[in-house]
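[1] Got a sequence here, can you model it:
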Amino acid sequence: MNTNKLLVGALLGGVAYFFIGWVLYGIIFKSTMESMMAASAASVTRSNADMDFVALIIGNLVAGFLLAYIFERWAGIRTFKGGLIGGATVGFLIALSYDSVMLATTTLLTWGGVILDSVIYAVMGGLVGGVIGWWLGYKR
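    Numbers count the residues shown, from 1 in each chain. Purely as a prediction, here's the structure:
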């Protein structure tokens, strides 16, 4: 396992997660996602001014590391296409799992929100996975 490739891939993935998430969740699907939250959860979304960016950055870096580690250590993914497919699959399964448990145990989501969030996160995971897969195969 190439530790330098892993760490740079994780960093690239974290940065990509941050910006792609901002575009998808913060701009394109912002009002749609808010409309798919349960009525009791309408006030839980933070405003941009109240956002905890340290936690957001940590979360994105950890997500980038997760994909980079899976690709580098176990899956041997070294191409954009392989990363796209692997990232979309992992992203969809993680989001569907987490969101389904949240639906079952809280009043934050509806089934529509679970499905939409899982699809959005699959798109994010695919794009980020593509970047990571490309990096892991670059000059190898």
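[2] show me where pLDDT drops low in the chain?
    40-42 (pLDDT under 70).
[3] how about the helices in this structure?
    Ranges of helices in the chain, per DSSP state H, are 3-21, 30-35, 53-69, 80-105, 111-137.
[4] got a list of what the closest residue to G126 other than its chain neighbours touches?
    Nearest residue to G126, sequence neighbours excluded (CB to CB, 6 or more residues apart in numbering): A88, at 3.3 Å. For the C-beta atoms, the positions are set from N, CA and C on the backbone; glycine is no exception. Shown in contact with A88 (CB atoms under 8 Å, 6 or more residues apart in numbering): 122-123, 125-126, 129.
[5] can you tell me how far L108 sits from D117?
    11 Å (CB to CB, to the nearest Å).
[6] And the contacts of stretch 107-118?
    Against stretch 107-118 from outside (CB under 8 Å, 6+ apart): 29, 32-33, 36-38, 40-41, 44, 92, 95-96, 99-100, 102-103.
[7] wait, I meant stretch 59-70
    In contact with stretch 59-70 (CB under 8 Å, 6+ apart) are residues 6-7, 9-18, 21, 77, 83, 86-87, 90, 125, 128-129, 132, 136.
[8] Counting neighbours, what do you get for V23?
    Residues contacting V23 under the criterion other CB atoms under 10 Å number 11.
[9] Please apply the same query to the one 4 residues further on.
    When neighbours are counted by other CB under 10 Å, I27 registers 9.
[10] Which of the contacts of A88 ranks first by neighbour count?
    G129 (32 neighbours).
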